[in-house]
Structures are given as structure tokens and as C-alpha cells.
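[1] predicted structure and sequence below. I'll ask about it afterward.
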Amino acid sequence: MAMTYVGGVAPIVTTYGPGNLHHMAYSVSASVSGLIDVMGFIPTSNEGVSHFVLGFSYAYAGYAFYWDGAGDASFRIGNSTQTNVVGNSWANATGVPGNGEIILGLNVASTAKAAQDRGDGPSKTIAYRIPDDLN
């Protein structure tokens, strides 16, 4: 799958029903000193469709996310029409582990155990809820 976060293009996640979108930013290299791996989630009680954009910082090389909601979740990159299913746990996440390719079913459970959990809300993680009308 094409490189993400190039030219400011980020994944857009579409979810159905209430749940939590979890997002983690992590260093995939021990050479990045002082960088703390962080994770958090954004809850939604929306019974319908919700959209989120996953932000990024160039300080981190790896990103992963998953949906634990009542319904399905999918993602696309920017304005692409290609969609893919979002993972449902840190052991089966969707991620970009530093090589630029999106991997479905990425196991980042051990990384998540060591990451700083910042809790819920957009100020706690690099993900934001966006308006329903994306046109």
C-alpha cells in the first residue's frame, strides 16, 4: 500500500456506531533518544458514522491504530477511493512501522505495553474527529 504521511496526506478512518479509535505513535529506532512512545484514544457515542483523521509528527517513525467499536471501521489515505478494514486490537492493528508501507494485522502489543497511555480525547493523542461531510 502506498506511503502515508507524504505531503501532508494522512489516513482518514470511518467508523460505524459507538466505540474508541486507538492511536499510537512510536519510535522504531533505538537511536532516537528521549522520544517517548505515546498512545491514546478518541471515544465516540455516535450511533451513526464518524470520521477521524490520524495526525502525525515527523519525530516518530511508527504509527498504529485500531477500532474497538460496536460496528465496523475502515480507512483510506487522503482522497483515495481505496478503503481497507481497520484492526481491532494492538495485536491486530493497522500500522505504518517505519518503512512507509501500511500493514494490516500488525502486532504492536509489546510496543503498546511500554508506551505512555495518555487516555482519551484529541489532546491526548494525534487523532482528530472531523465533520461528517467530507466533500
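    Nice, I can see it. These numbers were taken from a predicted model, which means no experiment stands behind them.

[2] quick one: terminal-to-terminal distance for stretch 87-102?
    The first and last residues of stretch 87-102 sit 12 Å apart, counting by C-alpha to C-alpha, to the nearest Å.

[3] what's the span of stretch 117-131, first residue to last?
    Across stretch 117-131, first to last residue, C-alpha to C-alpha, it's 26 Å.

[4] using PDB, write out every CA atom in stretch 49-65.
    Below are the C-alpha coordinates for stretch 49-65, written out as PDB (Å, rounded to 0.1, in the frame of the first residue of the first chain):
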ATOM      1  CA  VAL A  49     -21.000   7.200  11.000                       C
ATOM      2  CA  SER A  50     -17.900   9.100  12.500                       C
ATOM      3  CA  HIS A  51     -14.800  10.200  10.600                       C
ATOM      4  CA  PHE A  52     -11.300  10.700  12.100                       C
ATOM      5  CA  VAL A  53      -8.000  11.900  10.600                       C
ATOM      6  CA  LEU A  54      -4.900  10.500  12.000                       C
ATOM      7  CA  GLY A  55      -2.200  13.100  12.500                       C
ATOM      8  CA  PHE A  56       1.500  12.600  12.800                       C
ATOM      9  CA  SER A  57       4.800  14.100  13.900                       C
ATOM     10  CA  TYR A  58       7.900  13.600  11.900                       C
ATOM     11  CA  ALA A  59       9.700  12.800  15.200                       C
ATOM     12  CA  TYR A  60       8.100   9.400  15.200                       C
ATOM     13  CA  ALA A  61       8.700   6.700  12.700                       C
ATOM     14  CA  GLY A  62       5.900   4.300  13.500                       C
ATOM     15  CA  TYR A  63       2.200   4.600  13.900                       C
ATOM     16  CA  ALA A  64      -0.600   2.100  14.600                       C
ATOM     17  CA  PHE A  65      -4.300   2.300  15.200                       C
END
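
[5] buried set for that stretch?
    Residues of stretch 49-65 classed as buried: 50-56, 60-65 (neighbour count, 16 or more other C-beta atoms under 10 Å). Just so you know, the C-beta spots here come from the backbone N, C-alpha and C atoms, and that holds for glycine as well.
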